[in-house]
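S.K.: Could you work out the structure for the sequence below:
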Amino acid sequence: MTTPTPSLATPYRTHTCGQLRVGDAGTTARLAGWVHRRRDHGQLIFLDLRDRHGITQVVIDKADAPDAHATASRIRPEFVVTVAGTVAPRLPGTENTKLPTGAIELQATDVEILSEAKTPPFYINEPDATVDESLRLKYRYLDIRREPMQQRLMLRSRMVQAIREVHHANGFVEVETPTLIKSTPEGARDFIVPSRLQPGTVYALPQSPQQLKQLLMVAGIDRYMQIARCYRDEDLRGDRQLEFTQLDLEMSFVDEATVMSFVEALAIEVSRVTVPERPILRTPFPKMTYEEALERFGSDKPDVRFGMELVDLGSVLVGPDGTPSSGFQVFDNALAAGGRVKAIVGPGMAVITRREIDELTERARRFGAKGLAYLALETGGDIKGPIAKFLSDDTQRAIIEESAAAEGDLILIVADTPAVTADVLGRLRVELGDRLGLADPTVLSYVWIHRFPMYQWDAEVGRWHATHNPFSGVLPEDEQLLVTASGDPAMPSPEDPAGRARALQYDLALNGWELGGGSVRIHRRDLLERSFLLQGHSLEAMHAKFGAVLDAFDYGAPPHGGIALGIDRWAALLALQTNIREVMAFPKTQSGTDLMLEAPSIPEPGQYEELGLRFVGVGQDKT
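M.R.: Numbers count the residues shown, from 1 in each chain. Below you'll find the predicted structure:
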């Protein structure tokens, strides 16, 4: 017999709709929930009663309970009701083996309608029904009633609970940080909030609690964590929303290995608790440098569930003196200009049609390539492709040997700058891997990427940008590189030694998505100011933007580091989803609109006035 759950028992129910079993037969129970389905057989009315815990069949017999039967005759799907009666085993042959409660039914003698419902705009009781997403978002409270959304939100809840438990077991302190802060540059546009009390000034919603968590380390908290709400005013896509949630953590007196070791143990435990049926491909997690990731996979967030790695063909396209001599001008020109010629091999793709090749070529162009060359190794050994006529037999064989292509395979080749070549082939690799089913969707493949460049050159503004965030530390052996070639930080150039510096940064990727990133931070004021100068901040500007952190470092800052992991992305990946909206209760559309609450909206009359604001238009002449 099941024991009623005291925390869930209320005056409306003794048990949930997923709780009763055969052992409860003969006892009385009261249930409450939504009517999932109703079947009227005249003398008998059957209700499938649903709550988030499950479904229980309720039967009302007119002979035994005429008043309850009369009430049940008025009930329709999605009515909210409470019913009471006796638990009984179902008749042999009528059990529903698909339900945990499928061996019993509640023979109700009391039925009360708590709330009536209109006919929903889509079926709640058909979880596999295709429903337009805009309709789902407009009626999200109904969409969440559906089993798929409920299960994903339950998964997310389990995941967050597991995250907290691991941190509390390892000495972390959960601290909430404010969501009205100072605007600081962190890679995306801020959302700003005008201040009524101080007209003409604004707060910013945090893109992350970066400075605050470092200040907590200076404050001696030692180990901090937070399930933090963050905001970025940027274009939306499948793995990005205007407001999102991240696991934010910081640790004092640590090095890179310490942080990565803890986070890896965390990821393993959270995965085990949340989706125990899904295996982790490899532990310890593979670790590769940024350069290795780009070289092998064309991405700094590689999906390593399958091979199809990028192959450098440069060595087989040059003569004995190292001069490009493939015979194909596109390859030779790219190599002569310092570019790369690289390939991926599509297994079994030699038989694809010309139209499919054209589609791949067009995709490569959209990704930034000038074109896409190919060689098809047909069964029997014949080599086909428009570029074959430019290549000698020896060069063709060398390409096949270098790429390890087999009969039936298709060799796809891009010749361009190193960055374009890697990016285009990396994207094609992911698309083809998905198309060919090379990645096991049930497997979790975590991978560490580290040793990122400290800075990247911004040619438009003529200065260096931090590749992650401006507080990231530098490898001790590269600290001497944080200088300009001119010797004057105000005169940077792409040839600066700083461009060769490597950061104490690390990303954790999962199944081709960046799950999160972090670093060991700079904890010395002099070094942080030096790094800010390289990024184009004057002493006055850096103090205006980052003054709290700089001043705090004057009072003794411990070595510290941390990471931020995307809760929405992690939950989506664990739930086998490709869009984080599917694991968020109330997300925005691609245009940033909340269809349910109709936000953003025009302010009420007087709201602008009390803030000292007026709307003058966007991109219009304000004179």
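
S.K.: Tell me the helices and strands packed up against the helix or strand where Ala293 lies.
M.R.: Secondary structure assignment for Ala293, by DSSP states H and E: helix 290-297. Helix 290-297 sits against helix 418-435, strand 446-450, with contacts defined as 3 or more Cβ pairs under 8 Å, 6 or more residues apart in numbering; DSSP states H and E. Yep, even glycine has a C-beta here, placed from its N, CA and C like the rest.

S.K.: Helices along the stretch 1-150 of the chain, start to end?
M.R.: 66-72, 133-138, 140-143, 147-169 (DSSP state H, counting those that start in this stretch).

S.K.: Report the buried residues of the last one.
M.R.: The neighbour-count criterion (16 or more other Cβ atoms under 10 Å) identifies 147, 149-150, 152-153, 155-156, 158-160, 162-163, 166-167 as the buried residues of helix 147-169.

S.K.: is it true that Arg581 lies in a helix?
M.R.: Yes: remark: Arg581 belongs to a helix, assigned using DSSP: H, G, I helix; E, B strand; the rest coil.

S.K.: Am I right that it is in contact with Asp239?
M.R.: No: using Cβ atoms under 8 Å, Arg581 is not in contact with Asp239, being 10.0 Å away.

S.K.: Tell me where the model's unsure across this protein.
M.R.: 1-6, 185-187, 619-623 (pLDDT under 70).

S.K.: If we use 80, what do you get?
M.R.: 1-6, 183-187, 236-238, 618-623 (pLDDT under 80).

S.K.: Look up how far Gln210 lies from the residue nearest to Tyr506 when sequence neighbours are not counted.
M.R.: The spatially closest residue to Tyr506, leaving aside those adjacent along the chain, is His450, at 4.1 Å (Cβ to Cβ, 6 or more residues apart in numbering). Between His450 and Gln210 the computed distance is 19 Å (Cβ to Cβ, to the nearest Å).

S.K.: What of Ala572?
M.R.: 24 Å.

S.K.: And Glu477, by the same measure?
M.R.: 25 Å.

S.K.: The two - which one has more neighbours?
M.R.: Set side by side, Glu477 and Gln210 show more neighbours around Gln210, with 23 against 9, by other Cβ atoms under 10 Å.

S.K.: Pull the number of nearby residues for the spatially closest residue to that one that is not a sequence neighbour.
M.R.: Take Gln210 and drop its neighbours on the chain: the residue closest to it by Cβ to Cβ, 6+ apart is Asn469, 5.9 Å away. Close neighbours of Asn469, defined as other Cβ under 10 Å, add up to 21.

S.K.: what about the helices in the stretch 301-450 of the chain?
M.R.: So, for the stretch 301-450 of the chain - with DSSP H, counting those that start in this stretch - the helices run 329-336, 354-367, 393-403, 418-435.

S.K.: Ok, which of those helices comes nearest Ile124?
M.R.: Closest approach to Ile124 among the helices of the stretch 301-450 of the chain (Cβ to Cβ): helix 418-435, 31.4 Å.

S.K.: Residues contacting the closest one, please?
M.R.: 294-295, 297-299, 302-303, 305-306, 308-310, 338-344, 346, 349, 360, 363-364, 367-369, 412, 414-416, 438-439, 512 (Cβ atoms under 8 Å, 6 or more residues apart in numbering).

S.K.: just stretch 381-397 next, same as before
M.R.: 316-317, 326-329, 350, 373-378, 399-400, 407, 413.

S.K.: Between its first and last residues, how far does stretch 294-304 reach?
M.R.: Taking Cα to Cα, to the nearest Å, stretch 294-304 runs 13 Å from one end to the other.

S.K.: what are the ranges of the strands in the stretch 251-400 of the chain?
M.R.: Along the stretch 251-400 of the chain, counting by DSSP state E, counting those that start in this stretch, strands occupy 287-289, 311-312, 340-346, 373-377, 383-384.

S.K.: Find the nearest non-adjacent residue to Met217, please.
M.R.: Spatial nearest neighbour of Met217, excluding adjacent residues (Cβ to Cβ, 6+ apart): His560 at 4.1 Å.

S.K.: The one you found reaches Ile522, doesn't it?
M.R.: No: in this structure, His560 is not within contact of Ile522 by Cβ under 8 Å, at 9.8 Å.

S.K.: Report the beta-bridge partner residues of Glu243.
M.R.: When bridges are called by DSSP bridges, Glu243 pairs up with Tyr231.

S.K.: need the contact list for it.
M.R.: By Cβ under 8 Å, 6+ apart, the neighbours of Glu243 are 229-231, 588.

S.K.: just Gln107 next, same as before
M.R.: By Cβ under 8 Å, 6+ apart, the residues touching Gln107 are 59-61, 64, 85-88.

S.K.: For it, name its beta-bridge partners.
M.R.: Judged by DSSP bridges, the bridge partners of Gln107 are Val59, Thr86.

S.K.: and the gap between Ile280 and Gly348?
M.R.: Taken as Cβ to Cβ, the span from Ile280 to Gly348 is 28 Å.

S.K.: of the two, who's got more company?
M.R.: Ile280 (16 against 12).

S.K.: so who does that one touch?
M.R.: Counting by Cβ under 8 Å, 6+ apart, Ile280 has contacts 268, 271, 443-446.

S.K.: For Leu597, the count of nearby residues, please.
M.R.: 11.

S.K.: any idea what sits nearest it, other than its immediate chain neighbours?
M.R.: Leu597's closest residue in space is Phe586 (Cβ to Cβ, 6+ apart), at 7.9 Å.

S.K.: mind listing what that neighbour touches?
M.R.: Going by Cβ under 8 Å, 6+ apart, Phe586 touches 140, 594, 596-597.

S.K.: Going by distance to Ser493, which of those wins?
M.R.: For the contacts of Phe586, the nearest to Ser493 is Asp594 (46.1 Å; Cβ to Cβ).

S.K.: and the closest one, bridged to which residues?
M.R.: Beta-bridge pairing for Asp594 (DSSP bridges): Ala599.
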